[in-house]
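Colleague: Okay, sequence plus prediction incoming.
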Amino acid sequence: MALLNALPTDFGVDATYWNIADIAESFCAGFARVTCYGYASEDARRADKQPLVTRCFTLSGDTYVQNVDRAAAYAIIKTDPEFASATDA
């Protein structure tokens, strides 16, 4: 699973394909940090190209779900204003 959402990068090429690279959770502190990589395309991701950009999201308070899985994390990321128009890939 991934998200399709065009966002500009410092390279002059939009990152359009976003996938979760890592989810780190602190049960004691009650939050999870989700790291997403943005690629120029799904083809670039599948060809093991380097991501153009990295975005980190902190799930806390109402958005924190203990043992969050990838599908739930993608749904929460889509509530971020920059990803409000993202679609599932």
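Modeller: Here it is on my side, so go on.

Colleague: Show me what the longest strand along the chain is packed against.
Modeller: As assigned by DSSP state E, the longest strand anywhere in the chain is strand 15-26. Strand 15-26 sits against strand 3-7, strand 31-39, helix 42-46, strand 53-60, helix 70-77, with contacts defined as 3 or more Cβ pairs under 8 Å, 6 or more residues apart in numbering; DSSP states H and E. No exception for glycine: its C-beta is placed from N, CA and C like everyone else's.

Colleague: Which of the ones you listed sits closest to T16?
Modeller: Nearest of the helices and strands packed on strand 15-26 to T16, taken as Cβ to Cβ: strand 3-7 at 4.7 Å.

Colleague: What's the local residue count around N5?
Modeller: 22 (other Cβ atoms under 10 Å).

Colleague: Excluding sequence neighbours, find me the nearest residue to it.
Modeller: Nearest non-adjacent residue to N5, counting by Cβ to Cβ, 6 or more residues apart in numbering: A86, 3.7 Å away.

Colleague: tell me the pLDDT at the residue in the chain sticking out farthest from the centre?
Modeller: No residue in the chain sits farther from the centre than C28, which is 23.3 Å out by Cα atoms, centre = their mean. Looking at C28, its pLDDT reads 94.

Colleague: how about it, phi and psi?
Modeller: Backbone torsions for C28, taken as degrees, to the nearest 10, come to phi -60, psi -40.

Colleague: That one and D22: what is the separation?
Modeller: Here C28 is placed at a distance of 19 Å from D22 (Cβ to Cβ, to the nearest Å).
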